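1. sequence first, predicted coordinates after that:
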Amino acid sequence: MNKMRSSTKIALYIILSLGAISMLIPFLWMAVTSIKQPDEVFAPGGGIQWLPQHFVWRDTVINGTKVRAWWGNYPDAWNEINILRLYLSSIFVAVVGTFGQVLTSSMAAYAFARLQFPGRDKLFFGYLATMMIPGSVTMIPVFVIMKHLHWINTYQALIIPGLFSAYGTFMLRQFFMGLPDDLEDAAKIDGSGYIGIWARVILPLSKPALATLTTFTFMGFWGSYMWPLIVTITDSMRTLPIGLSYFVGQHATNYTQLMAGSMIALIPVLLLFIFNQRYFVEGIKLSGMGGK
């Protein structure tokens, strides 16, 4: 029996390892393509050419200075679409949107999990039911609202519609319901009100769930393409995903600079995940498992 269990575990580890490797393949191709020459992206007879045949040093301009570099696709992509401006716009939208959504979700989750008021559960399930509505259905009505508010081509249109999340509220509610009541009762005895309990007791104990929601929300804002494309008009309001689409032409695609720009776009997400990894893994394990 023990040998059978050991064999099963080994087979499971092999399958999971193969799955992890298969998920890394697109990332590896993107990284390799970002340092290739345009004629080395695909093999002559068709198909993908994984490794560059040779590195060709070429002239590129970095901050107004002409240099020769084998990684010239990166500064070329940076200068081609002015990635710095797109970066700043995307970072502002993602940071403010993430902070706002985590704030509203945590406040709503605290109300649904710890407060008692008439119709609480029915209101919560009604709010939860909105997750069944596809985003494409609400996109046009929300756009009409943005137009009547004169928010088209503004940061308000990019941020405010994403500040409220039924998924974030549900996840944090499940986590909050698993917290011990004694701490909340002790805070009430000390004279804390609802806001004080939420800020000084609930949030400090919920770092894993908050880090998990922060990671998911930031990735959602950072990678959003369709909504910013609809509500922005000028290049000054565009975000990074829209800028990367400029490398895709009607008749041809500049794969080398597209992959270089995509690698640059990955940096904030990777840094956030590395920073939140400890809380993120713990939050995945704990959120949704507690409850009453």
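-> Perfect, I can see it now.

2. got the phi/psi numbers for the residue nearest to E40 when sequence neighbours are not counted?
-> If the residues on either side of it in the chain are set aside, E40 comes closest to P52, at 5.1 Å by C-beta to C-beta, 6 or more residues apart in numbering. Just so you know, the C-beta spots here come from the backbone N, C-alpha and C atoms, and that holds for glycine as well. Main-chain torsions, P52, degrees, to the nearest 10: phi -70, psi 140.

3. domain assignment for the chain?
-> Domain ranges of the chain: 2-58, 80-286, per automatic domain parsing.

4. out of these, which gets nearest to G72?
-> Closest approach to G72 among the domains of the chain is made by domain 2-58 (5.1 Å; C-beta to C-beta).

5. what are the ranges of the strands in the stretch 1-150 of the chain?
-> 58-62, 65-69 (DSSP state E, counting those that start in this stretch).

6. run through the stretch 1-150 of the chain and note the low-pLDDT ranges.
-> 1-4, 45-46, 54-70 (pLDDT under 70).

7. which parts of it are helices?
-> 2-33, 73-80, 83-114, 120-129, 135-148 (DSSP state H, counting those that start in this stretch).

8. and those helices: which comes nearest L210?
-> Among those, helix 83-114 sits nearest to L210 (C-beta to C-beta), with 6.3 Å.

9. who does the closest one touch, helix- and strand-wise?
-> Counting contacts by 3 or more C-beta pairs under 8 Å, 6 or more residues apart in numbering; DSSP states H and E, helix 83-114 is packed against helix 120-129, helix 155-159, helix 166-177, helix 207-223, helix 240-244, helix 255-286.

10. could the ones you listed go into a markdown table alongside mean neighbour count and distance to D190?
-> What follows is those, written out as a markdown table (neighbours: other C-beta atoms under 10 Å; distance: least, C-beta to C-beta, whole Å):
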| stretch | mean neighbour count | distance to D190 |
| --- | --- | --- |
| helix 120-129 | 12 | 25 |
| helix 155-159 | 20 | 36 |
| helix 166-177 | 22 | 20 |
| helix 207-223 | 21 | 22 |
| helix 240-244 | 22 | 46 |
| helix 255-286 | 17 | 27 |
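
11. closest one to I14 among these?
-> Nearest to I14, of those and by C-beta to C-beta, is helix 255-286 at 22.2 Å.

12. before we move on, back to that, quick one, which of the helices of the stretch 1-150 of the chain is nearest to G196?
-> Comparison of these against G196 by C-beta to C-beta identifies helix 83-114 as nearest, at 11.6 Å.

13. now the angle from that closest one to helix 120-129?
-> Helix 83-114 runs at 150 degrees relative to helix 120-129, counting by axes from the mean of the first three to the mean of the last three C-alpha atoms, to 10 degrees.

14. can you give me the buried ones in helix 83-114?
-> Across helix 83-114, burial judged by 16 or more other C-beta atoms under 10 Å covers 83, 86-87, 89-91, 93-94, 96-98, 100-102, 105-114.

15. isn't A113 right next to M171, touching?
-> No: the pair A113 / M171 is not scored as a contact, 11.1 Å apart, by C-beta atoms under 8 Å.

16. now for G100: which residues touch it?
-> G100 makes contact with I159, I160, G162, L163 under the criterion C-beta atoms under 8 Å, 6 or more residues apart in numbering.

17. let's see stretch 111-124 as CSV, backbone CA atoms only.
-> Output of stretch 111-124 as CSV, limited to C-alpha atoms (Å, rounded to 0.1, in the frame of the first residue of the first chain):
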residue,chain,number,x,y,z
ALA,A,111,-20.6,44.8,6.9
PHE,A,112,-21.8,41.5,5.4
ALA,A,113,-19.7,39.3,7.6
ARG,A,114,-19.8,41.0,11.1
LEU,A,115,-22.7,43.3,11.2
GLN,A,116,-26.3,42.3,11.8
PHE,A,117,-29.0,44.2,9.9
PRO,A,118,-32.4,43.2,8.3
GLY,A,119,-32.0,41.6,4.8
ARG,A,120,-28.3,41.2,5.1
ASP,A,121,-28.0,37.8,3.6
LYS,A,122,-30.6,38.5,0.9
LEU,A,123,-28.7,41.7,-0.1
PHE,A,124,-25.4,39.8,-0.1
